[in-house]
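S.K.: Kindly return the folded structure for what I paste below:
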Amino acid sequence: MNEIRELRKEKGLTLDDLSKELQEKEKLKIGSNALGKYERGLREPKLKTWQALANYFNVPVSYLQGIGVSKYEMCEYLLDEFYSEEKIKNPIDSEDTEKIFHDELDRYLDNKTEDEIFDYIEKNDGYYPSKIGQYPYIDNLIKKDFLKNIALLNNYEYLSTIDKSDFYDDVFRLKILNKIENDRYKSQKDSKPKILFGIDMEKLVHTLFSKVFELDFKEYSKQELIKKIDDIIELLNKVKEKVSQYQDNEK
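M.R.: Just a heads-up that it's a prediction; the model follows:
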């Protein structure tokens with residue numbers, strides 16, 4: 001199915017509105033009835049019409065035609081990965097450090113959103129969700145921030161190249177994680193992140209916050225809790241070692 005309907009709704013337009021907009025801005029005369037048939041796949045637009053629609057929505061023709069995945073499908077995929085604590089192993093390079101998707105995705109939640117999530121959980125005497133659907137309200141808060149803050153979700157050219165069948169392949173997961181990381185570092189290229197003795201303080205704070213937050217909103221057995229605490233201690237020891245080495249190198 002094509003993406004005309006989703007893009008139209010994103011702009012808050014009715015079919016009549018879209019018809020008028022296309023005539024005014026793209027000089028394309030097409031009725032609301034025909035547009036509705038395009039959306040439902042009951043009629044195929046001509047190439048000229050595809051191009052005019054793509055130009056109006058500022059997306060590639062391929063994305064508009066439904067090739068690849070939509071931004072909303074990709075956002076749902078990222079939400080699923082956000083709730084998962086499963087480590088991603090590099091199937092090509094066994095020496096590569098294992099990664100967890102959540103640690104990167106957590107960066108894209110606004111402070112206000114995090115506060116709203118905490119308040120909602122406390123009011124409902126619940127625990128932080130571990131899968132999609134436990135708290136639809138929280139799902140929607142997270143997805144809203146992802147759509148706003150993650151560059152990949154608005155990279156329509158890139159989304160058009162993705163095969164949905166690859167969603168849970170480790171090679172694909174690493175590829176997407178690296179893409180998100182690289183986009184973030186690229187966007188921060190002209191800014192000055194706070195680096196103290198070689199430590200990215202923003203990244204450290206986000207990672208620690210995420211790990212400590214889990215201790216408060218999930219139930220663990222004694223051994224599970226010890227393991228979680230050990231993970232935090234191990235992280236801090238690694239940071240301490242890196243700071244120590246940095247200081248030694250400076251002498």
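S.K.: from here on, contacts and neighbour counts on C-alpha atoms
M.R.: OK.
S.K.: Just the CA atoms of stretch 154-170, as PDB, please.
M.R.: What follows is stretch 154-170, C-alpha atoms only, in PDB (Å, rounded to 0.1, in the frame of the first residue of the first chain):
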ATOM      1  CA  ASN A 154      12.600  11.300   8.400                       C
ATOM      2  CA  ASN A 155      15.200  10.100   5.900                       C
ATOM      3  CA  TYR A 156      12.700   8.900   3.300                       C
ATOM      4  CA  GLU A 157      15.300   7.900   0.800                       C
ATOM      5  CA  TYR A 158      16.900   5.600   3.400                       C
ATOM      6  CA  LEU A 159      13.600   4.200   4.500                       C
ATOM      7  CA  SER A 160      12.800   3.300   0.900                       C
ATOM      8  CA  THR A 161      15.800   0.900   0.800                       C
ATOM      9  CA  ILE A 162      14.800  -1.100   3.900                       C
ATOM     10  CA  ASP A 163      13.300  -4.600   3.600                       C
ATOM     11  CA  LYS A 164      11.000  -5.200   6.400                       C
ATOM     12  CA  SER A 165      11.900  -9.000   6.400                       C
ATOM     13  CA  ASP A 166      15.300  -8.000   7.800                       C
ATOM     14  CA  PHE A 167      13.900  -6.300  10.900                       C
ATOM     15  CA  TYR A 168      15.200  -9.000  13.300                       C
ATOM     16  CA  ASP A 169      18.400  -9.900  11.600                       C
ATOM     17  CA  ASP A 170      21.400  -9.000  13.700                       C
END
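S.K.: Identify the residues contacting it?
M.R.: Identification of contacts with stretch 154-170 by CA atoms under 8 Å, 6 or more residues apart in numbering yields 59-60, 62-63, 66-71, 77, 88-91, 147, 152-153, 172-173.
S.K.: from the residues you listed, which ones fall inside helices?
M.R.: 62-63, 71, 77, 147, 172-173 (DSSP state H).
S.K.: Just give me how far stretch 104-116 sits from the chain centre.
M.R.: Chain-centre distance of stretch 104-116: 12 Å, with CA atoms, centre = their mean, to the nearest Å.
S.K.: Tell me the pLDDT of residue 58.
M.R.: On pLDDT, residue 58 comes in at 96.
S.K.: Can you list the neighbours in contact with the host helix or strand of residue 75?
M.R.: Per DSSP states H and E: residue 75 is located in helix 71-83. Residues from elsewhere that reach helix 71-83 (CA under 8 Å, 6+ apart): 101-102, 105-106, 129-132, 139, 142-143, 146-147, 153-154, 156, 159, 167.
S.K.: now do stretch 112-119
M.R.: By CA under 8 Å, 6+ apart, the residues outside stretch 112-119 that reach it are 138, 141-142, 145.
S.K.: Please, which helix or strand holds residue 158?
M.R.: Assigned by DSSP H and E, residue 158 falls in helix 156-159.
S.K.: about what we covered before: PyMOL command to pick out the buried ones of the ones in helices among the contacts of stretch 154-170?
M.R.: This is the PyMOL syntax for the buried subset of those, where burial follows 16 or more other CA atoms under 10 Å:
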select buried, resi 62+63+71+147+173
